[in-house]
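make a model of this:
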Amino acid sequence: MDFVEETRRKLSELPKERLLDYIEMQFKNLWTLQNNWMVRVDEKFGADVAIELDGMCYGRMSEVGAYRAKKFFNLGDDIESMLTCLQYLPPEPGSEGEWFRTGDNKAVWRCTKCAMQLARRERGAPELPCKQALIDVMDKTFKAVNPKAKVIRSMAPPDPHPEDLWCEVEFEIEY
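Numbering: from 1, shown residues only. Model (predicted):
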């Protein structure tokens, strides 16, 4: 039995709302793995190693996800396609943010509530200085949609930030 085909068959029998709930549960499963992986690497090897490996591993996952979303939705390589693609990557449950254009070839991604950082705070852990990992992840993600895309401005811990803005990345596509 092909496990993927069998799962597809079972999922196709679900009502739409249950299927959407299942997708949301899978987002939670993915982010549980991601966040636990980060915590364990941080505990065993330190934040610097955790951040470096996160940029490599999560960056690659996001890059492949963006490539697949671009192909699945038959998107182009313009700024609107970039924003559409970002909206279909697995969101972290409990986090909030927005994507918006700032010009013909520029846009911003902004996280206004970071579930991972808030969970660290609840455990008494310091903020993870994730800025370099964020830049690595976003750079790979954007370049998967358009190789001419680049990060032009970023803010994330350890940068000082207000409570309602955890990180922000502005990117552009050079034409």
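
quick one: average pLDDT of the host helix or strand of Thr84?
For Thr84, the element it lies in under DSSP states H and E is helix 79-87. Per-residue pLDDT over helix 79-87 has a mean of 90.

chain center to it, what's the gap?
13 Å (CA atoms, centre = their mean, to the nearest Å).

for that helix, packing partners?
Contacts defined by 3 or more CB pairs under 8 Å, 6 or more residues apart in numbering; DSSP states H and E place helix 79-87 against helix 47-72, strand 96-103, strand 106-113, helix 131-145, strand 167-173. Where C-beta positions appear, they are placed from N, C-alpha and C, glycine not excepted.

just want the angle from the second one to helix 79-87.
Following axes from the mean of the first three to the mean of the last three CA atoms, to 10 degrees, one obtains 170 degrees for the angle between strand 96-103 and helix 79-87.

show me what strand 96-103 is packed up against.
Using 3+ CB pairs under 8 Å, 6+ apart: strand 96-103 touches helix 79-87, strand 106-113.

let's have the ones you listed in CSV, adding distance to Phe142.
Output for the helices and strands packed on strand 96-103, formatted as CSV (distance: least, CB to CB, whole Å):
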stretch, distance to Phe142
helix 79-87, 6
strand 106-113, 9
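
just the buried residues of the longest helix seen in the chain, please?
For the chain, the longest helix by residue count, based on DSSP state H, is helix 16-45. Of all the residues in helix 16-45, those buried under the rule 16 or more other CB atoms under 10 Å are Trp31, Gln34, Met38, Val39, Val41, Asp42.

residue contacts, the nearest residue to the second one once chain neighbours are set aside?
Nearest-residue entry for Gln34: Tyr58, 6.4 Å, with adjacent residues in sequence omitted and distances by CB to CB, 6 or more residues apart in numbering. When the contact criterion is CB atoms under 8 Å, 6 or more residues apart in numbering, the partners of Tyr58 are Gln34, Ala133, Val137.

with respect to Leu75, which of those residues is nearest?
Val137 (19.2 Å; CB to CB).

and the residue lying closest to the closest one once chain neighbours are set aside, what does it touch?
If the residues on either side of it in the chain are set aside, Val137 comes closest to Gly59, at 4.3 Å by CB to CB, 6+ apart. Residues in contact with Gly59 (CB under 8 Å, 6+ apart) are Ala133, Asp136, Val137, Asp139, Lys140, Thr141.

what residues of the lowest-mean-pLDDT helix or strand in the chain count as buried?
When each helix and strand of the chain is scored by mean pLDDT, DSSP states H and E, helix 79-87 comes last, with a mean of 90. Under the neighbour-count criterion of 16+ other CB under 10 Å, helix 79-87 has Ile79, Ser81, Met82, Leu83, Thr84, Cys85, Leu86 buried.
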